[in-house]
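*Asks:* 3D model of this:
(one chain, ligands or ions: 2)
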Amino acid sequence: MTDGTLRCPECGITSPESTTELRPGDICPDCRRGYLETTEAALRCPECGITSSESTRDLRPGDICPDCHRGYLELDE
Ligand SMILES: [Zn+2]
Ligand SMILES: [Zn+2]
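*Replies:* Ligands and ions are numbered 1, 2, ... in the order given. All right, here's what the predicted structure looks like:
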């Protein structure tokens, strides 16, 4: 079973899978305000339809699309 990347909804950091000591629900080690949650789904732009890969992991849902700059990224589940 592979867990998704952990993400902090407050500061937006994403932790690589190597940080196995962190679990969903843990306090964010960076900002200590948010609680980590898993993000397994890719991000998709409803305007142009691009889907972000894991290489664009600094993007978050609600960010403006880096490609068309018209749509806002949402989770593609
Ligand atoms: Zn944080
Ligand atoms: Zn777009």
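*Asks:* Quick check: residue 50 touching residue 59?
*Replies:* No. Contact criterion C-beta atoms under 8 Å: residue 50 and residue 59 do not qualify, at 10.6 Å. In short, each C-beta sits where N, CA and C put it, glycine included.
*Asks:* how's this structure carved up into domains?
*Replies:* 1-40, 41-77 (automatic domain parsing).
*Asks:* Where does residue 48 fall, secondary structure wise?
*Replies:* Here residue 48, judged by DSSP states H and E, is contained in no helix and no strand.
*Asks:* mind checking how far it is from ligand 1?
*Replies:* Going from residue 48 to ligand 1 by C-beta to the ion, to the nearest Å gives 29 Å.
*Asks:* give the contact list for the closest residue to that residue other than its chain neighbours.
*Replies:* Excluding the flanking residues, the one nearest residue 48 by C-beta to C-beta, 6 or more residues apart in numbering is residue 68, at 4.0 Å. With contact taken as C-beta atoms under 8 Å, 6 or more residues apart in numbering, residue 68 is in contact with 45, 47, 48, 50.
*Asks:* In contact with the first one, which residues are there?
*Replies:* By that I understand residue 45. Applying C-beta under 8 Å, 6+ apart, the residues near residue 45 are 51, 65, 67, 68, 71, 72, 73, 74.
*Asks:* try 10 Å
*Replies:* Contacts of residue 45 were listed using C-beta atoms under 10 Å, 6 or more residues apart in numbering, and they are 51-52, 59, 63-74, 76.
*Asks:* Looking at those, state which has the most neighbours.
*Replies:* residue 73 (24 neighbours; other C-beta atoms under 10 Å).
*Asks:* hang on, isn't it packed against residue 60?
*Replies:* Yes. With contact defined as C-beta atoms under 10 Å, residue 73 reaches residue 60; the gap is 7.2 Å.
*Asks:* All good on my end, thank you.
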